[in-house]
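1. Sequence first, then the predicted structure:
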Amino acid sequence: MTAPTAARSPLRVVLLAVIAVGLVVLGGGLAVLLGIGRGDDVTPAEDSVDAGFARDMSRHHLQGVEMANLVAERSQDPDVRSLAFDISATQTNQAGRMQGWLVLWGLPLTGGDTMAWMTDSGHGGHDMSGMDMEPGALMPGMATDEELAELRGLSGSAFDVQFLRLMIRHHQGGFPMAEDAAAHAEVPAVRDLARSIEQSQSLETETMTAMLSARGGTPLPAP
């Protein structure tokens with residue numbers, strides 16, 4: 001006799017969370033073992049671009065992973081499922097690398113003023129001056145608790161459209177951070193990762209915008 005779906009679902013959510021955390025730890029461990037993120041003699045300060053980017057982008061990424069992990073149970077669209085799998089795998093690995101760097105540098109994984117490390121006010125069309133964001137505040141593009149709750153309540157094509165809308169905005173919100181770190185981080189590996197995120201998320205945003213249009217949806221206002 002099989003367990004009811006309602007009983008299996010929380011377990012499945014827990015297992016997905018455990019897998020995600022395990023992959024983050026794995027990514028961080030590999031960063032330490034392979035010396036990834038170590039400059040020749042550079043140990044970034046806690047308020048540096050490198051540390052701020054690693055902290056904020058990893059948190060930004062993990063919400064993207066959270067949304068992507070909803071797709072398997074709520075969407076039957078093979079293209080949306082494939083996209084979500086790629087986003088989840090890529091951003092989990094990248095978040096693990098960034099958190100691994102912070103451990104390697106002996107810096108806290110959380111804390112500090114959100115996005116205060118950014119050096120280019122107005123860079124990429126986003127004016128970061130005067131934001132005075134508190135620690136833990138939602139960064140541009142991140143979904144609110146209400147939006148996440150709404151997404152969890154959808155399925156089928158309605159879910160696909162809302163998932164794409166939220167993920168497009170999520171990518172748009174993270175882009176200026178990647179752009180800034182690619183230009184100003186001290187550690188070569190941090191610049192390389194930021195540049196990779198900048199390029200890949202730009203392409204993914206174009207792909208998702210086309211997918212959304214094909215499914216009759218329109219993008220949310222850019223953050």
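-> All right, it came through fine. Numbers count the residues shown, from 1 in each chain.
2. Following the chain past the helix or strand of the chain with the lowest mean pLDDT, name the next helix or strand.
-> The least trusted helix or strand in the chain, going by mean pLDDT, DSSP states H and E, turns out to be helix 5-33, with a mean of 47. Per DSSP states H and E, helix 5-33 leads on to helix 49-68 as the next helix or strand towards the C-terminus.
3. hang on, isn't Glu179 packed against Glu198?
-> Yes - in this structure, Glu179 is within contact of Glu198 by CB atoms under 8 Å, at 5.4 Å. Just so you know, the C-beta spots here come from the backbone N, C-alpha and C atoms, and that holds for glycine as well.
4. Show me the helices in the protein, by range?
-> Remark: helices assigned in the chain by DSSP state H are 5-33, 49-68, 71-74, 78-105, 145-152, 156-184, 188-214.
5. where are the low-confidence patches of the protein?
-> 1-41, 120-136 (pLDDT under 70).
6. Let's see that with 50 instead.
-> 1-20, 24, 28, 31-35, 37-40, 121-127, 129-131 (pLDDT under 50).
7. who touches the residue nearest to the spatial centre of it in this structure?
-> Centroid-nearest residue in the chain, with CA atoms, centre = their mean: His61, separated by 1.4 Å. Taking CB atoms under 8 Å, 6 or more residues apart in numbering, we find His61 in contact with Gln91, Thr92, Gln94, Ala95, Met98, Gly174.
8. 7 Å instead?
-> Taking CB atoms under 7 Å, 6 or more residues apart in numbering, we find His61 in contact with Gln91, Gln94, Ala95.
9. just the buried members of those residues?
-> Buried residues within the contacts of His61, counting neighbours by 16 or more other CB atoms under 10 Å: Gln91, Gln94, Ala95.
10. where's the closest residue to Asp77 other than its chain neighbours relative to Arg152, distance?
-> Distances taken as CB to CB, 6 or more residues apart in numbering put Asp160 closest to Asp77, at 5.1 Å, once the chain neighbours are dropped. Distance of Asp160 to Arg152, given as CB to CB, to the nearest Å: 14 Å.
11. ok, now Met98?
-> Taking CB to CB, one finds Met98 at 26 Å from Arg152.
12. Between these two, point out the one with more neighbours.
-> Met98 (28 against 14; other CB atoms under 10 Å).
13. Pretty sure the more buried one sits against Ser58.
-> Yes - if you go by CB atoms under 7 Å, Met98 and Ser58 touch, sitting 4.2 Å apart.
14. Kindly reformat the buried ones among the contacts of His61 as a markdown table and extend each row with distance to Ala143.
-> As requested, these are exported to a markdown table (distance: CB to CB, whole Å):
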| residue | distance to Ala143 |
| --- | --- |
| Gln91 | 14 |
| Gln94 | 19 |
| Ala95 | 17 |
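15. Out of these, which is nearest to Ala214?
-> Nearest to Ala214 among those is Gln91, at 23.7 Å by CB to CB.
16. Identify the residue nearest that closest one in space, chain neighbours excluded?
-> Per CB to CB, 6+ apart, closest to Gln91 is His61, 4.1 Å.
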